[in-house]
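> structure of the sequence below:
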Amino acid sequence: MDQQPTTVADLQSSGLSKKETMSIETKPLTPWQERLAFVKSRLFWKVLCLGQVLSLCITGCNVVNTKIGNDYGLNIPTTQTFLVYVFLALIFNTYGLYKRGFRGWLLQFWRRGIPYFFLAFIDVEGNYLVVKSYQYTSLLSAMLLDCWSTPVCMILSVIFLKVRYRWVQYLGVVIALVGLALLVVSDLVTDKNYDAIDPIKGDLFCLLGATFYGFSNVGMEYMSRKHPIYEVLGVFGTFGAIINLVQLVILERSEVSNLFAQPEAVGMVMVYIICSVVLYCLAPVLFRWSSALVYNMSILTSDFYGLIFGLGLFGYKVTALYPVAYVIVIVGIFIYYVFPAPIPSIGTFDAETEEREKRELMGWPSLDVEASPTKDTDTIKTAESVHVMTQPVSIAEKS
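Modelled structure (predicted):
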């Protein structure tokens with residue numbers, strides 16, 4: 001049977017403030033009041049609102065991609081993401097140099113570069129494969145298969161982050177995915193779909209890309225809980241820019257010249273960069289407050305926001321299923337939090353973690369090692385004083 005948070009420590013670790021915890025402690029709670037306690041906390045509403053901000057960023061990226069493809073005849077996913085990684089590298093490496101100095105900044109790459117390189121590679125290829133899949137499979141298939149990243153995140157969190165979900169968390173994920181399925185049905189009713197050119201190839205691309213997204217999100221959550229965000233995004237952005245540059249030279253050299261020949265398209269790319277940079281900057285914050293799984297659940301509402309933009313920009317038609325589907329996705333997120341969301345066994349990034357991480361990076365002794373000599377000295381002094389007090393005193397010394 002699931003254990004409910006009953007002590008002050010349990011309630012505070014679930015995200016409740018001290019004031020909220022004290023008010024709960026002073027009066028007995030019914031079982032359902034205990035379950036809903038976290039939903040009433042500020043942390044829940046911050047997670048919910050931040051998740052919808054990130055969903056709007058995803059929507060902005062999707063709208064810009066549609067505009068660039070339809071109005072300007074460009075297909076430049078690698079070029080667009082290359083510029084995003086460049087901006088991330090410039091912003092966060094500059095701040096990393098300020099915080100850690102040149103030596104500490106270099107040590108980030110030297111001692112932790114390999115995990116960041118693979119994380120950036122997975123993210124780059126995930127972006128490329130999902131965007132590429134839309135050229136081969138149908139829109140509805142791509143939308144359904146893209147949500148595969150949500151169960152992938154849940155599976156990887158159980159395996160690598162040692163998260164133990166309750167049955168209600170699984171129920172919340174299923175309900176949120178049902179909401180997405182209703183969005184797809186609504187698109188089918190309004191004939192928003194288009195025929196697939198090569199459905200098998202497109203579906204495989206989308207499944208593989210969504211799997212890469214799941215690995216990337218869980219990897220980002222792990223690194224964000226262990227290291228400062230400026231390090232995570234700075235090193236990640238550097239490797240992402242390098243990998244993207246190689247891919248750009250191979251795949252999109254001719255497209256770049258067509259881009260600069262259309263100033264309006266350049267402006268749309270800048271909007272894409274702004275939305276993506278905000279997305280990458282805020283996602284690690286959500287990972288720390290909650291998890292990569294909640295991030296994936298939150299962005300399921302992006303299709304609903306896309307409809308709002310599509311009504312004016314692309315002539316989309318709305319059905320009654322859209323608002324119903326949006327509410328169901330939000331309800332799924334709400335149900336996920338009926339019990340306090342489980343925290344990974346690796347913990348989160350706090351002041352103690354920050355100090356330990358800094359000492360490990362710079363090669364300084366840990367706090368425990370530094371404290372031990374003092375402790376040993378105090379022990380020796382105490383032993384000596386006891387030894388002196390227990391020595392027999394001679395008659396001459398008495399006199």
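
> quick one: residue 114 and residue 291, what's the gap?
24 Å (CB to CB, to the nearest Å). The C-beta positions use only the backbone N, C-alpha and C, and glycine is treated the same way.

> between those two, which one's more packed in?
residue 291 (27 against 10; other CB atoms under 10 Å).

> isn't the more buried one up against residue 163?
Yes: the criterion here is CB atoms under 8 Å, and residue 291 meets it with residue 163 at 7.3 Å.

> shared neighbours, those two?
157, 344 (CB atoms under 8 Å, 6 or more residues apart in numbering).

> and stretch 39-48, how far from the chain's centre?
17 Å (CA atoms, centre = their mean, to the nearest Å).

> so which bits of that stretch are buried?
Neighbour-count burial for stretch 39-48 flags 39, 41, 43-44, 47-48 (criterion: 16 or more other CB atoms under 10 Å).

> ignoring the adjacent residues along the chain, who's closest to residue 342?
residue 163 (5.0 Å; CB to CB, 6 or more residues apart in numbering).

> show me what contacts the one you found?
157, 291, 342-345.

> secondary structure class for it?
With DSSP: H, G, I helix; E, B strand; the rest coil as the basis, the three-state label of residue 163 is coil.

> returning to that earlier point: any chance of a markdown table for the buried residues of stretch 39-48, columns distance to residue 123, secondary structure and pLDDT?
As requested, the buried residues of stretch 39-48 are exported to a markdown table (distance: CB to CB, whole Å; DSSP: H, G, I helix; E, B strand; the rest coil; pLDDT from 0 to 100):
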| residue | distance to residue 123 | secondary structure | pLDDT |
| --- | --- | --- | --- |
| 39 | 32 | helix | 70 |
| 41 | 32 | coil | 78 |
| 43 | 27 | helix | 83 |
| 44 | 28 | helix | 82 |
| 47 | 22 | helix | 89 |
| 48 | 25 | helix | 88 |
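
> out of those residues, which one sits closest to residue 170?
Nearest to residue 170 among those: residue 39, at 17.6 Å, using CB to CB.

> so the closest one sits right up against residue 333, yeah?
No: if you go by CB under 8 Å, residue 39 and residue 333 don't touch, sitting 10.3 Å apart.

> so where's the stretch 101-250 of the chain uncertain?
137-146, 184, 186-199 (pLDDT under 70).

> helices of the stretch 201-350 of the chain, residue ranges please.
Remark: helices assigned in the stretch 201-350 of the chain by DSSP state H, counting those that start in this stretch are 229-251, 253-260, 263-289, 292-298, 302-313, 321-336.

> right, and those helices - which one's nearest residue 89?
Closest to residue 89 of those is helix 229-251 (CB to CB; 3.7 Å).

> can you dump the C-alpha coordinates of the closest one into CSV?
Extracted in CSV, the C-alpha atoms of helix 229-251 (Å, rounded to 0.1, in the frame of the first residue of the first chain):
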residue,chain,number,x,y,z
ILE,A,229,22.7,24.8,-15.2
TYR,A,230,25.3,27.2,-16.7
GLU,A,231,27.7,24.2,-17.0
VAL,A,232,25.0,21.9,-18.4
LEU,A,233,23.8,24.2,-21.1
GLY,A,234,27.2,25.7,-21.9
VAL,A,235,29.0,22.4,-22.5
PHE,A,236,25.9,20.8,-24.0
GLY,A,237,25.5,23.8,-26.4
THR,A,238,29.2,23.8,-27.4
PHE,A,239,29.1,20.1,-28.5
GLY,A,240,25.6,20.5,-30.1
ALA,A,241,26.9,23.4,-32.2
ILE,A,242,29.9,21.4,-33.4
ILE,A,243,27.9,18.3,-34.3
ASN,A,244,25.3,20.5,-36.0
LEU,A,245,27.9,22.3,-38.0
VAL,A,246,29.3,19.1,-39.4
GLN,A,247,25.8,17.9,-40.3
LEU,A,248,24.9,21.3,-41.8
VAL,A,249,28.0,21.3,-44.1
ILE,A,250,27.1,17.8,-45.3
LEU,A,251,23.3,18.2,-45.7
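
> re the thing from before, now for the contacts of residue 163: which two are most distant?
Going by CB to CB, the pair spanning the contacts of residue 163 furthest: 291 and 345, at 12.6 Å.

> residues in contact with residue 126?
Counting by CB under 8 Å, 6+ apart, residue 126 makes contact with 209-213, 215-216.

> try it again at 7 Å.
Listed by CB atoms under 7 Å, 6 or more residues apart in numbering, the contact set of residue 126 reads 209, 212-213, 216.

> ditto for residue 175
328, 331-332, 335.

> one more time with 10 Å, if that's ok
297, 328-336 (CB atoms under 10 Å, 6 or more residues apart in numbering).

> hang on, the earlier thing: can I get the contacts of residue 163 in a markdown table with distance to residue 284?
Converted to a markdown table, the contacts of residue 163 look like this (distance: CB to CB, whole Å):
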| residue | distance to residue 284 |
| --- | --- |
| 157 | 16 |
| 291 | 12 |
| 342 | 19 |
| 343 | 16 |
| 344 | 14 |
| 345 | 19 |
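
> so which of the residues you listed is the closest to residue 119?
residue 157 (15.7 Å).

> isn't residue 176 up against residue 327?
No: Residue 176 is not in contact with residue 327 according to CB atoms under 10 Å; the separation is 11.2 Å.
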